[in-house]
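Participant: Curious how this folds, go ahead:
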Amino acid sequence: MVGDLLSLSANIEVAVVEKTKVSRSLLVLDDEKDVAATICMMAATVSYDTDHVDNADIFLEKVVTWAPTHVVVDLKLADRDGIEVIRKLAEMECNAAVIIMSGLGGRILESSARAAGENGLQLLGTLSKPFSRAELLELLAKDTHETLSIQSSPISPVSDRQIGDALKAEAFVAHFQPKISCLTGGLVGFECLARWPQPDGSMIPPDQFICFAEQKGLIDALTRQVYDYALANLPLCNLRNQLKYALNLSPINLKDATFPHWLRNKCCEHNVKPSQIILEVTETASMENPLVLLEHLTQFRIYGFQLSIDDFGVGYSSLVQLARLPFSELKVDQMFVKTLASSKESQKIVTAVVGLGKSLGLNVVAEGVEDVSALGLLQDLGCDEAQGYFIGRPMDRVSAGNWNGLSGLSQKWVQ
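Facilitator: Coordinates of the predicted model:
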């Protein structure tokens with residue numbers, strides 16, 4: 001056991017040394033000077049330039065004048081708390097990789113990490129005091145290049161005229177993300193996601209145009225265009241074992257009394273059975289007129305469509321929606337799934353949500369699966385289906401039709 005630990009530590013140290021061939025520097029903020037000095041000593045052994053301070057103002061000044069590549073911030077300080085420092089780093093548009101450290105409980109560390117990430121900082125991870133040298137070196141060994149490149153490529157906002165022109169040109173399409181069975185690893189269907197390809201080959205992501213289209217009254221036309229494309233190009237639609245296809249439904253679409261009929265007619269036009277279609281309704285769907293919502297969702301179910309409550313766990317009305325509306329599927333929000341392997345709190349929440357869905361006879365899907373550990377945990381919990389970048393990214397219709405699944409991996413985690 002000791003030999004294995006020494007070997008692991010040595011491997012991590014080699015990885016860090018390889019990465020530090022490019023100049024790396026570490027600045028530590030901690031009012032426990034002995035702890036800060038120890039961190040600097042550990043980092044120096046793998047060729048980091050290091051410094052430490054116990055005052056937040058001096059720390060923030062050094063971040064500007066020295067521009068370290070990495071910083072470590074303790075949450076509990078004498079002059080101010082770590083959240084204030086995190087907020088300040090975000091305001092300064094700090095590009096340093098951030099490690100958050102504390103002797104406080106794990107939930108406080110986790111929420112602080114979320115605050116750092118949602119503030120746009122490049123978070124490497126957290127350290128719970130006391131921590132080992134191997135834990136520190138493992139964080140320092142993480143590659144920061146990808147995050148930095150994403151942060152340095154801001155996307156220009158779109159206009160309603162651009163969206164209007166794209167609608168006239170029928171420029172909006174769907175890409176398809178595979179969904180698999182947690183039990184067998186086999187393909188069970190795809191989620192159809194709106195995409196806006198550009199002439200130069202780039203892609204405007206949906207978070208840049210969906211909400212804007214909703215605000216400008218263009219979401220009905222956009223939804224119908226994406227649905228029409230998706231239904232005409234469903235990958236592997238003619239298999240004997242029929243797959244299912246999920247489509248996102250905006251709360252605003254649910255206000256349109258003609259939409260259920262339109263969708264039923266479109267399915268008939270493209271020779272797609274309504275039972276193959278899952279309409280994903282966000283949990284935060286407007287409850288301004290709950291009767292209209294109830295009527296239209298019930299119509300969809302009468303016509304044979306499946307209904308999924310999307311992003312379950314992020315809205316205050318979850319249980320009210322689940323009890324009142326005729327859902328056939330529950331989708332666990334990716335916020336909990338992405339941290340499933342590392343967060344005990346996420347594990348407890350996902351366990352409870354999966355149990356709730358199963359007890360109500362619903363199909364349970366987890367989105368945001370990004371590693372094999374999360375996939376294995378979902379299998380153990382009895383989750384029905386999963387999707388995420390680890391399984392497959394959204395892809396065009398040709399790539400989706402040729403997707404070969406997890407056949408090479410499934411034996412490693414399917415019992």
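Participant: mind checking how far the closest residue to residue 250 other than its chain neighbours is from residue 190?
Facilitator: Once flanking residues are discounted, residue 250 sits nearest to residue 219: 5.1 Å by CB to CB, 6 or more residues apart in numbering. Every residue, glycine included, has its C-beta placed from N, CA and C. Residue 219 sits 22 Å away from residue 190, going by CB to CB, to the nearest Å.
Participant: Between the two, point out the one with more neighbours.
Facilitator: For residue 219 versus residue 190, neighbours defined as other CB atoms under 10 Å are more numerous around residue 190 (28 against 21).
Participant: Just say helix, strand or coil for the more buried one.
Facilitator: Of the three states, residue 190 takes strand according to DSSP: H, G, I helix; E, B strand; the rest coil.
Participant: Okay, and residue 224 sits in which element?
Facilitator: Per DSSP states H and E: residue 224 is located in helix 219-232.
Participant: which helices and strands sit right next to the following helix or strand past that helix?
Facilitator: Where DSSP H and E defines the elements, the next helix or strand beyond helix 219-232 is strand 244-249. Under the contact criterion of 3 or more CB pairs under 8 Å, 6 or more residues apart in numbering; DSSP states H and E, strand 244-249 touches strand 187-197, helix 219-232, strand 277-282, strand 306-312.
Participant: Poorly predicted segments of the protein, please.
Facilitator: For the chain, the stretches flagged by pLDDT under 70 are 1-22, 105, 143-156, 240-241, 283-289, 313-318, 406-415.
Participant: same thing but 80
Facilitator: Filtered on pLDDT under 80, the chain yields the residue ranges 1-22, 79, 105-107, 142-157, 238-241, 282-290, 311, 313-321, 342, 405-415.
Participant: List phi and psi for residue 121.
Facilitator: Main-chain torsions, residue 121, degrees, to the nearest 10: phi -80, psi 160.
Participant: burial measure for it, as a count.
Facilitator: Count around residue 121 with other CB under 10 Å applied: 25.
Participant: Please apply the same query to residue 367.
Facilitator: Residue 367 has 23 neighbours, counted by other CB under 10 Å.
Participant: Quick check: residue 216 touching residue 162?
Facilitator: No. Between residue 216 and residue 162 there is no contact under CB atoms under 8 Å: 10.7 Å.
Participant: Report the secondary structure state of residue 386.
Facilitator: Under three-state DSSP, the three-state class of residue 386 is strand.
Participant: mind checking how far it is from residue 280?
Facilitator: 15 Å.
Participant: How about residue 174?
Facilitator: When distance is defined by CB to CB, residue 174 is 13 Å away from residue 280.
Participant: Who has more neighbours out of the two?
Facilitator: residue 174 (26 against 20).
Participant: list the contacts for that one?
Facilitator: Shown in contact with residue 174 (CB atoms under 8 Å, 6 or more residues apart in numbering): 192, 193, 194, 195, 226, 229, 230, 233, 397.
Participant: any idea which element it lies in?
Facilitator: Per DSSP H and E: residue 174 is located in strand 173-181.
Participant: can you give me the angle that strand makes with strand 187-197?
Facilitator: Put simply, strand 173-181 runs at 160 degrees to strand 187-197, going by axes from the mean of the first three to the mean of the last three CA atoms, to 10 degrees.
Participant: Just want the angle from strand 173-181 to helix 219-232.
Facilitator: If you take the same axes, to 10 degrees, strand 173-181 sits at 60 degrees to helix 219-232.
Participant: Report the backbone C-alpha coordinates of strand 173-181 in CSV.
Facilitator: The C-alpha coordinates for strand 173-181 follow below in CSV (Å, rounded to 0.1, in the frame of the first residue of the first chain):
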residue,chain,number,x,y,z
VAL,A,173,-31.0,22.8,-37.9
ALA,A,174,-30.9,20.1,-35.3
HIS,A,175,-27.9,18.2,-34.0
PHE,A,176,-28.4,14.9,-32.3
GLN,A,177,-26.9,13.7,-28.9
PRO,A,178,-27.1,10.0,-28.2
LYS,A,179,-28.8,8.6,-25.1
ILE,A,180,-28.0,5.1,-23.8
SER,A,181,-29.4,2.6,-21.4
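Participant: I'd like to check the angle between that strand and strand 244-249, please.
Facilitator: Angle between the axes of strand 173-181 and strand 244-249 is 130 degrees (criterion: the same axes, to 10 degrees).
Participant: The helix or strand hosting residue 100 pairs with which strands?
Facilitator: According to DSSP H and E, residue 100 maps onto strand 97-102. If you go by DSSP bridges, strand 97-102 pairs up with strand 70-74 (parallel), strand 122-128 (parallel).
Participant: Good, we can wrap up now.
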